[in-house]
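S.K.: what follows is a predicted structure for the sequence shown.
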Amino acid sequence: MENTLLTDKFNRQLEYLRISVTDRCNLRCIYCVPKGIVPKVPHDDILRYEEILRIVNIGVALGIRKVRVTGGEPLVRRGIDAFLKSLGDIDGLTDISLTTNGYLLEKNVDMIKSAGIRRINVSIDTLDKDKFTYITGYDVFDSVWRGIMRAYDSGLAPIKLNVVALKGHNDQELVDMARLSLTYPFHIRFIEYMPIGNSRMHTGDSLLAPEIKKRIETMGKLVPVKKNHMDGPAERFRFEGAPGEIGFIRPMSRHFCSECNRLRLTADGHIRPCLLSDRQVDVKGPMRKGCSDDQIANMFKTAVRHKQGEHDYGPDSAFKVTDQMSGIGG
Ligand code: SAM
């Protein structure tokens, strides 16, 4: 294992930084930023791009190798093209990826590719247009699908499609989502809903992976796919002969904390050791008061020290993170 200054007391090498570049989003998904109940972070409190780049450079010197740009919706932030290019110019980063809702993807595919990004995740919870409008608050399924197809035609790979499975909301459409893996080399990833921030959803709305898998296996047997080191938390499968894959991300029903290699940089400038804990280290405040790079490096190390062995979420727990997913970075 490579020696890094970001190895925690549980011997996890934290080499992956997820960056929320904005808490703003152009959709209003019922489980993430539902209409009317999510306060926006004031503009001045959002990290400027040059601040993010400074923090990333310091992280890379400590052992960060991989970043994902997320949000909120990263493609709504002005100047994202130049920012992605600057990230691509950082020596020592071996992997840069992006998570998007796909609404603005079609016209941004060339920009994303020219910034050196090869892997994207697109969130799409259903192929049913009416359900899509109900879940996201906007009748833009066609734009999202055109974006996915444009990304596919351009050779971006793998394209991972994130599906948050919600009881009574999109559970009838999960098989249709899984069927895409028979036609396209997409990775369809079913994610258990996590109760985070203000939302109209509840812990009980999470459809857990064993149940999702059971429903999908009505289509055929799922064969396990071997995982590799940089894979992330998805349990991977494919249908015999299919070009695409099926993945399950199970933060509620099977903690994958022991494999977690992530830190997060929130839109408002905190380093957060765990998505599912409100504990975080303020970087923006000290940085704007003129702190040194060494001091920022120490903030990374403090966050690493605070990373707990395991989060407290579970199908029956009442515990809930108060910060919004969009600001933390999903
Ligand atoms: N706007 C982008 C998008 O929609 O992909 C990036 C940000 S979004 C917060 C990142 C991912 O988090 C999406 O796939 C979204 O479905 C997922 N997500 C948001 N809230 C969630 C929750 N409470 N539980 C599980 N996944 C969630």
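M.R.: Cool, got the structure.

S.K.: in the stretch 151-300 of the chain, which spans are strands?
M.R.: 159-165, 187-192, 222-224, 235-239, 245-249, 262-265, 270-272, 281-282 (DSSP state E, counting those that start in this stretch).

S.K.: save the ones you listed as TSV, and put in distance to residue 324, mean neighbour count and mean pLDDT too.
M.R.: Yep, even glycine has a C-beta here, placed from its N, CA and C like the rest. Output for the strands of the stretch 151-300 of the chain, formatted as TSV (distance: least, CB to CB, whole Å; neighbours: other CB atoms under 10 Å; pLDDT from 0 to 100):
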stretch	distance to residue 324	mean neighbour count	mean pLDDT
strand 159-165	15	23	97
strand 187-192	17	24	96
strand 222-224	33	15	97
strand 235-239	27	20	96
strand 245-249	19	24	97
strand 262-265	13	24	97
strand 270-272	12	24	97
strand 281-282	17	17	98
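
S.K.: looking at the ones you listed, which is closest to residue 211?
M.R.: strand 159-165 (8.5 Å; CB to CB).

S.K.: counting contacts, what elements does the closest one pack onto?
M.R.: strand 119-123, helix 141-153, helix 174-183, strand 187-192 (3 or more CB pairs under 8 Å, 6 or more residues apart in numbering; DSSP states H and E).

S.K.: so how far is the ligand from the nearest residue to residue 246 once chain neighbours are set aside?
M.R.: Once flanking residues are discounted, residue 246 sits nearest to residue 237: 4.7 Å by CB to CB, 6 or more residues apart in numbering. Here residue 237 is placed at a distance of 19 Å from the ligand (CB to the nearest ligand atom, to the nearest Å).

S.K.: quick one, what contacts residue 237?
M.R.: 222, 223, 224, 225, 245, 246, 247, 248 (CB atoms under 8 Å, 6 or more residues apart in numbering).

S.K.: please repeat the previous calculation with a cut-off of 6 Å.
M.R.: Listed by CB atoms under 6 Å, 6 or more residues apart in numbering, the contact partners of residue 237 are 222, 224, 246.

S.K.: ok, now residue 147?
M.R.: 102, 105, 106.

S.K.: among these, which one sits closest to residue 262?
M.R.: residue 102 (22.9 Å).

S.K.: surely that closest one touches residue 122?
M.R.: Yes - using CB atoms under 6 Å, residue 102 makes contact with residue 122 at a distance of 4.4 Å.

S.K.: neighbour-wise, which of the two wins?
M.R.: residue 102 (27 against 22; other CB atoms under 10 Å).

S.K.: the closest residue to that one other than its chain neighbours: what's it in contact with?
M.R.: Nearest residue to residue 102 in three dimensions, chain neighbours excluded: residue 144, at 3.8 Å (CB to CB, 6+ apart). Counting by CB under 6 Å, 6+ apart, residue 144 touches 102, 103, 124.

S.K.: so what's the backbone phi/psi at the first one?
M.R.: In terms of degrees, to the nearest 10, the main-chain angles of residue 102 are phi 90, psi -10.

S.K.: can you pull the residues of the stretch 201-330 of the chain lying near the ligand?
M.R.: Proximity of the stretch 201-330 of the chain to the ligand, by CB under 6 Å from any ligand atom, involves residues 325, 326, 330.

S.K.: return the subset of these lying in helices.
M.R.: Judged by DSSP state H, helices contain the following of those: 325, 326.

S.K.: from the ligand, how far out is the nearest residue to residue 250 once chain neighbours are set aside?
M.R.: Nearest residue to residue 250, sequence neighbours excluded (CB to CB, 6+ apart): residue 209, at 4.4 Å. Distance, residue 209 to the ligand, by CB to the nearest ligand atom: 12 Å.

S.K.: what bits of the stretch 1-150 of the chain have low per-residue confidence?
M.R.: 1-4 (pLDDT under 70).

S.K.: now with 90, please.
M.R.: 1-5, 33-39, 118 (pLDDT under 90).

S.K.: spell out which residues of it are next to the ligand.
M.R.: Going by CB under 6 Å from any ligand atom, the residues of the stretch 1-150 of the chain near the ligand are 25, 31, 32, 70, 71, 73, 99, 100, 101, 123.
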